[in-house]
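J.: Below are the sequence and a predicted model for it; my questions follow.
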Amino acid sequence: MSDDRTSFVRGMFAGAIHEELLFPFPAPLSERDPDEARTVRRLLADIDRMRAGLIDSAKFDEEEMIPDEVIRALGDSGFLGLTIPREYGGLALSPAAYAHVFGAISSVDASIGVLIGVHCGLGSKAIVLFGSDEQKARYLPMLARGETLAAYALTEPETGSDAQHVVTRAAHETDGTWTLNGRKHWIGNAHRAGVIATFAQTTVERAGKTAQRPTAFIIRPDMPGFHVAGTVRKLGIRGSTQAELHYDDLRVPADHVLGEVGKGFDVAVRVLNGGRLTLAAGCTAGTRVLLAEMVQFAERRVQFGKPIADFEITQRKLARTACDVYAADAMLGELTRLAGAPDGEYALEAACCKVFASEMLWRAADEMVQIAGGRGYVKPYPYERLLRDARINRIFEGTNEILRLFISLNGLEGPGAELKELGVALKRPLRNLGLISEYAASRIATRFGATPTLDVDLHARLQSHGKHFEKHVAELKENAERLARHYRKEIINRQQELERLCDMAIEMFATACVLARTQQFLEERGEAECAHELALCDLFVVESGRRFRASRGALLSAEDEGRRVVARGVREAGGLGVPNAILPEEEDAVVRGGK
C-alpha cells in the first residue's frame, strides 16, 4: 500500500491509474497461508455436512426462524468466531479467508449468512476493533463459543443508518454511568443477542464549545431499561430475525463505552466497510450457485424438441451471468488484499464491489425465475425464495443509491478542487452521507494530474483491452472535470449525473480487476490453457466498455430536465395525473383510493 494511501477508484477520477494496488493479482490463499487454507477447507466441509441434514432453508423460510440447534452447531464448528482473535477462542481469519467462508455459508442459506454476518462481521467485529482489553476478555470468548449472539444496533426510524445524526441520546451521570434513551429498528439478531454494539449522541467539547457527537456503547439485554419491542416480517431472508429495540432510561456502566467518547462515527464506518466486503462475497458466491442452477435447469427443460439451453436467448443469460461472476470474483480478490493491508484504505473499492455484486445477484435470481418459467414462481421449487432472499442486498450496508453518490462525490473532490465554491459544497453532502462520508474522503489521498497509463507488462492477448481501459480512464477524468465546471456547486443536486459517473467508475474498476486476474492465469498456465478465462475476460471487458460509453453518452442529457418535469407533475397530482385511455381518473375509484 502506498504511503499516501491512494485509492484506485479515486485515482481514476483524477486520471491516475495506481496499478500497484491491483497488479499482480494476489496469490491463492493456499500459497500465502497453507495453515489458514486448511482451516477454510475444514469449515467448508462442516457447512457441507450441515447442509446434508441440519440446514433446511425451506423450513427456515416457512417458520421464519433458525432453530437453536443450528446455531449451536455453528458455534461448535467455529463459525461464530471467524473474526475473533485466537487468544479469545476465535479463528482470526484473514479478510480473504473470511470472505470465502462467508460466501459459502451465504450460498447455502442466506438467512444463516445474515446471522453470521451480523454476529461476526458487525457486533463482534466492533469489539475486536475498538474494545478495551477488559471488554475483549469479557465478551469475545463467549461470542466465539456461541454462548450468545452479537448484534449491531445503529439504524433508527428517524435517521436510518446515518451515524452522524442518530437521535438516540446518552446522558453522562455523576456516578460515571450513562443513561440512553431512543429506538433502534431492523436490528439483526437483536431478540437473541446477549451483546450489542449500539450508538447514541453524547455531549463533548470541541474547540471550547459543546457539541453533540455519536459514541459507541456495549449494551446487554439484562441492563435496566432495555426492551425488545417486537420482530418484523420480511420479503426474504425470513429465517433471520430483525427486531426493534427501545432504550428507556437504559443504564450503561461507565466501562461499556466502546472506543472513545464522541468517536462513534469512526467505529461505525470501520465496521461497515468490512461489512460491505463480506456482503459482496455472499452475493458473488450466491450468484455462482444460481448460475449452476440455471445451467442444470436449462439442460433438463425441453421445449420444441430440444433443451432450452440450446436457445441463444438462454445462452445470453448464462453468458452474462458467468462473465459477471468472473468479474465480481476478481474484484473480491483485489478487495480482500486491500482490506488485509496494514492500515489499508478500501472504502470506495468496497462500495463499488458491493453495488456490482448485489445487482449481479438480483439479475441472476430474476433470470433464474425466468428460465424456470412457472416453476420459478411457485413452491416447493426454491427459485422464488432465492429471488426474495436476493433482494435485500441492494439495501443492506448502505443502499446502492447512497453508495453511488458516495463514490462519485468522493471522486469529484479532486477534479473539482480548483473550483473553490465546489470544494466547499462537496464537504456538506459528504458529511451528510452518514456512514459513508468524510471519513473516507479525509483519509484517501491520490496523486492528481498523472497521465492515465497502465504501467504493467500485459500479455499480448490483453494489450488491446489495456489500451481501451486507459482511454476510458482519461474519459472519466475529462467528464468529471466537465461536469464540475458545468454545474459547479449545483453538482451535488444532480444525482442522475452522479450516478452515471459512479457507474463509469465501477465498470473501470471491474475491468482493471478482470485484467489483473486474467493476466495471472496467463502467466501461470499460458494462453493455450486459458481459452475459457480469455473468453470470459473478452466478453466482460467489451460489454463493460459498452455500458461505460452508454453512461458517458447520457451525461448532460436534455432528458434529465424532462424527468424532473414529469416527476414534479406526478408529485403535484399525488401520484395521479397519467391519462387513462379507458376511464378518466376522476371516475376511477380504484385509482383514487376509493375517495
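T.: That came through fine.
J.: Show me how far the single longest helix found in the chain is from its chain's centre.
T.: The longest helix of the chain (DSSP state H) is helix 264-300. Distance of helix 264-300 from its chain centroid, counting by Cα atoms, centre = their mean, to the nearest Å, is 8 Å.
J.: Going C-terminal from that helix, what's the next secondary structure element?
T.: Where DSSP states H and E defines the elements, the next helix or strand beyond helix 264-300 is strand 302-303.
J.: quick one: contacts of the helix or strand just after that next one?
T.: Using DSSP H and E, the helix or strand that follows strand 302-303 in sequence is strand 306-307. Where contact means Cβ atoms under 8 Å, 6 or more residues apart in numbering, the residues beyond strand 306-307 that reach it are Ala298, Glu299, Arg300, Arg301. In short, each C-beta sits where N, CA and C put it, glycine included.
J.: Find the nearest non-adjacent residue to the first one, please.
T.: Looking back up the chat, that one is Ala298. Ala309 (3.8 Å; Cβ to Cβ, 6 or more residues apart in numbering).
J.: How many residues are close by the one you found?
T.: 18 (other Cβ atoms under 10 Å).
J.: and if you look at Arg485?
T.: Neighbours around Arg485, by other Cβ under 10 Å: 14.
J.: Remind me which helix or strand it belongs to.
T.: Counting by DSSP H and E, Arg485 is part of helix 463-487.
J.: Could you name the helices and strands sitting against that helix?
T.: Judged by 3 or more Cβ pairs under 8 Å, 6 or more residues apart in numbering; DSSP states H and E, helix 463-487 is in contact with helix 8-13, helix 400-412, helix 495-525, helix 531-553.
J.: could I get these as a markdown table with mean neighbour count, mean pLDDT and distance to Leu129?
T.: Converted to a markdown table, the helices and strands packed on helix 463-487 look like this (neighbours: other Cβ atoms under 10 Å; pLDDT from 0 to 100; distance: least, Cβ to Cβ, whole Å):
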| stretch | mean neighbour count | mean pLDDT | distance to Leu129 |
| --- | --- | --- | --- |
| helix 8-13 | 27 | 95 | 23 |
| helix 400-412 | 24 | 94 | 21 |
| helix 495-525 | 22 | 98 | 26 |
| helix 531-553 | 17 | 98 | 34 |
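J.: Break down this structure into its strands, ranges please.
T.: Listed in chain order, the strands of the chain (DSSP state E) span 149-153, 169-172, 178-188, 193-206, 209-219, 226-231, 242-252, 257-258, 302-303, 306-307.
J.: List the buried residues for the second one?
T.: When you say that, I think you mean strand 169-172. Arg169, Ala170, His172 (16 or more other Cβ atoms under 10 Å).
J.: May I have it as CSV, with CA atoms only?
T.: The C-alpha trace of strand 169-172 is given here as CSV (Å, rounded to 0.1, in the frame of the first residue of the first chain):
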residue,chain,number,x,y,z
ARG,A,169,-29.2,10.2,23.3
ALA,A,170,-26.8,9.3,26.1
ALA,A,171,-26.6,11.4,29.2
HIS,A,172,-23.5,11.1,31.4
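J.: So for it, mean pLDDT?
T.: Here strand 169-172 scores 98 as its mean pLDDT.
J.: Equivalent analysis for the third one, please.
T.: Mean pLDDT, taken over the full extent of strand 178-188, equals 97.
J.: circling back to that earlier point, as JSON lines, the helices and strands packed on helix 463-487 with distance to Phe79 would be great.
T.: JSON lines is the format used below for those (distance: least, Cβ to Cβ, whole Å):
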{"stretch": "helix 8-13", "distance to Phe79": "32"}
{"stretch": "helix 400-412", "distance to Phe79": "28"}
{"stretch": "helix 495-525", "distance to Phe79": "28"}
{"stretch": "helix 531-553", "distance to Phe79": "31"}
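J.: which one of those lies closest to Gly344?
T.: Nearest to Gly344 among those is helix 8-13; the distance by Cβ to Cβ comes to 11.6 Å.
J.: Give me the helices and strands touching the closest one, please.
T.: Short answer (3+ Cβ pairs under 8 Å, 6+ apart): helix 8-13 packs on helix 347-372, helix 400-412, helix 463-487, helix 495-525.
J.: starting at the chain centroid, how far to the third one?
T.: So the one you mean is helix 463-487. So, by Cα atoms, centre = their mean, the centroid of helix 463-487 is 25 Å from its chain's centroid.
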